[in-house]
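Asker: Take this sequence and fold it.
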Amino acid sequence: MDARKRIALVAHDEMKPKMMAWATTHKAELEKHELIGTGTTGGLLASEVGLEVTCLKSGPLGGDLELGNLIVNDGLDMLIFFWDPMTAQPHDVDVKALLRISAVHNIPIACNQASADFFVTSRWFSAPYETAQPDYTAHINRAVQADT
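Answerer: Residues are numbered from 1 along each chain as shown. Take a look at the predicted model:
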């Protein structure tokens, strides 16, 4: 990862006010990076916080899948996702897939304000970082053998 990160910012509806407050607090740090947001979250970050954000579709309309696509194509370095653990989401399957593909590709994920605070205060937040890509060769080979 370069010093300038490609960071996705996502928040479920009930968490959007917390995301806006958090982004306002950390605006100076966030402005140094390329920011990507899903639908409403990205728009609110731009209009309410004044950040430059590339907006994708809303999460339930495919934004979570667009983020997954960025991850598998090496277009995203970090995911800050204030998800709501207390409310069922119509796109829970997409959220789970996004979190899974982030783990598969060793993408740092912050799922709440505390972990996001740790991200922005880490020495790696604005410094180059050599990320290790997991090797799933043995796992894939076992799966192929099981299919034959």
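Asker: Contacts made by the longest helix seen in the chain with the rest, please.
Answerer: Counting residues, the longest helix found in the chain (DSSP state H) is helix 92-104. Residues outside helix 92-104 that contact it (CB atoms under 8 Å, 6 or more residues apart in numbering): 59-60, 62, 64-65, 67-68, 71-72, 79, 81, 83, 89, 109, 134, 136. From N, CA and C alone the C-beta is placed, and that goes for glycine too.
Asker: which helices and strands does the host helix or strand of Ala23 pack with?
Answerer: According to DSSP states H and E, Ala23 maps onto helix 16-25. With contacts defined as 3 or more CB pairs under 8 Å, 6 or more residues apart in numbering; DSSP states H and E, helix 16-25 has these neighbours: strand 6-11, helix 39-44, strand 78-82, helix 113-121.
Asker: give me that answer again for 6 Å
Answerer: Contacts defined by 3 or more CB pairs under 6 Å, 6 or more residues apart in numbering; DSSP states H and E place helix 16-25 against helix 113-121.
Asker: Just checking, which helix or strand succeeds the helix it packs on along the chain?
Answerer: helix 137-147.
Asker: buried ones in that next one?
Answerer: By neighbour count on 16 or more other CB atoms under 10 Å, the buried set for helix 137-147 is empty.
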